[in-house]
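> need a structure here:
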Amino acid sequence: MTTPLVRLIPADRNEEALTAIKAIHTAIFASIAGAILLALWDGVRGQPRRRTAIAGGLVLAETVVYASNNQVCPLTPLAEELGAARGSVVDIFLPAWAARQIPIVAGSAALLALILNARAVCVTWAASKRHRRPR
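Residues are numbered from 1 along each chain as shown. Presented below is the predicted three-dimensional model:
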């Protein structure tokens, strides 16, 4: 069964459509990787800010999309319908060996960023509570 979007693409344009999907997926990947790195950097420095929350929200949204789609990027089935090898990692401009490692590496970095930023928020909150106590 083909998706409605694939039916709109002429068969002689499948290769161009697949290249466009790879480009879009690569741009999305780069944005989310940047958000993870930003959140991780702010966590390492112990200085979470509004940008950290925005980056974390973006990462959380991507995690929900990925997890709710049976741990497959929603663009992968579309790429496969356009001719990409089934079960492969050919819907992104990355070497296959690197693309296969994305979930574990990015997931670990995102979890570490969450822990470090939560710790920084707790430390800041505890310090502000200490300074507010009447003497």
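
> got any ranges where this structure has weak pLDDT?
Within the chain, the segments meeting pLDDT under 70 span 1-2, 86-90, 133-135.

> Next, the residue most central in space within it: secondary structure please.
In the chain, the centroid-proximal residue (C-alpha atoms, centre = their mean) is residue 32; its distance is 4.1 Å. Per DSSP: H, G, I helix; E, B strand; the rest coil, the secondary structure class of residue 32 is helix.

> can you give me the strands for this protein?
Secondary structure of the chain by DSSP state E: no strands are present.

> can you give me the helices for it?
Secondary structure of the chain, counting by DSSP state H: helices at 4-8, 14-45, 50-68, 75-81, 96-99, 102-132.

> chain center to the first one: distance?
Meaning helix 4-8. 26 Å (C-alpha atoms, centre = their mean, to the nearest Å).

> Show me which positions of that helix end up buried.
Using 16 or more other C-beta atoms under 10 Å as the test for burial, helix 4-8 gives residue 6. (Glycine included, C-beta is placed from N, CA and C.)

> Show me what it is packed against.
helix 75-81 (3 or more C-beta pairs under 8 Å, 6 or more residues apart in numbering; DSSP states H and E).

> The closest residue in space to residue 46 that isn't next to it in sequence: neighbour count?
Using C-beta to C-beta, 6 or more residues apart in numbering and skipping residues adjacent in sequence, the residue nearest residue 46 is residue 120, 4.2 Å away. Here the number of neighbours of residue 120 (other C-beta atoms under 10 Å) works out to 18.
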